[in-house]
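J.: test case, fold it:
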Amino acid sequence: MKDNIFFTISVSCSGQKECTYNNQSEIPVTVRFQNLYSKGYYIPLEYIKRTGPSIKLTDRDNKKSMPLKPNLVSWDLKKKMTYIPEGGNIEFTWTLLDRDISQFINDGNLNVDADFKIRTKIYDDKKDEIGDFISLSKLVLKGSNLNEDKR
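T.: Below you'll find the predicted structure:
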């Protein structure tokens, strides 16, 4: 795999790098894909949006970790290309679910790293493959005074 000079991702909760968890059933996360390259290119955006990023949750205190399973989607979505111009970006929302997050509550507190990864092929303006590239980003999930009765 080549060095990624094509894109970077960033993730946030309402523009912040830290999400507050209060036993809600879902935490919406904004995933931003930024073109760093000197030209525009194509990516299989619908496939990425439907399968979701790879995510690993890790307890910051005891280091227990768990990868989240990606969604299974039609392989044909890889053929649906979206053009991202030079300097352009796209955003989509990915949802973290209570059933995954709540497993990390210890003594009423949550202190978790959520590591996001997108790996995708990049295609030039003729839709010829340039290569396969990866970008990573991290969020912190925090909560306090959490208890089982609220869920």
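J.: so residue 31 bridges to which residues?
T.: Per DSSP bridges, the residues bridged to residue 31 are residue 11, residue 92.
J.: what sits against it?
T.: 9, 10, 11, 53, 91, 92, 93, 94, 116, 118, 137 (C-beta atoms under 8 Å, 6 or more residues apart in numbering). Placement of C-beta: from N, CA and C, glycine included.
J.: quick one, what contacts residue 58?
T.: With contacts defined as C-beta under 8 Å, 6+ apart, residue 58 is in contact with 64, 65, 112, 113, 115.
J.: swap in residue 49?
T.: The contact partners of residue 49, by C-beta under 8 Å, 6+ apart, come to residue 92.
J.: can you tell me the SS state at it?
T.: helix (DSSP: H, G, I helix; E, B strand; the rest coil).
J.: between the contacts of residue 58, identify the one with the most neighbours.
T.: Note: the member of the contacts of residue 58 with the most neighbours is residue 112, at 26 neighbours, neighbours being other C-beta atoms under 10 Å.
J.: for that residue, give its distance to residue 138.
T.: Relative to residue 138, residue 112 is positioned 11 Å away (C-beta to C-beta, to the nearest Å).
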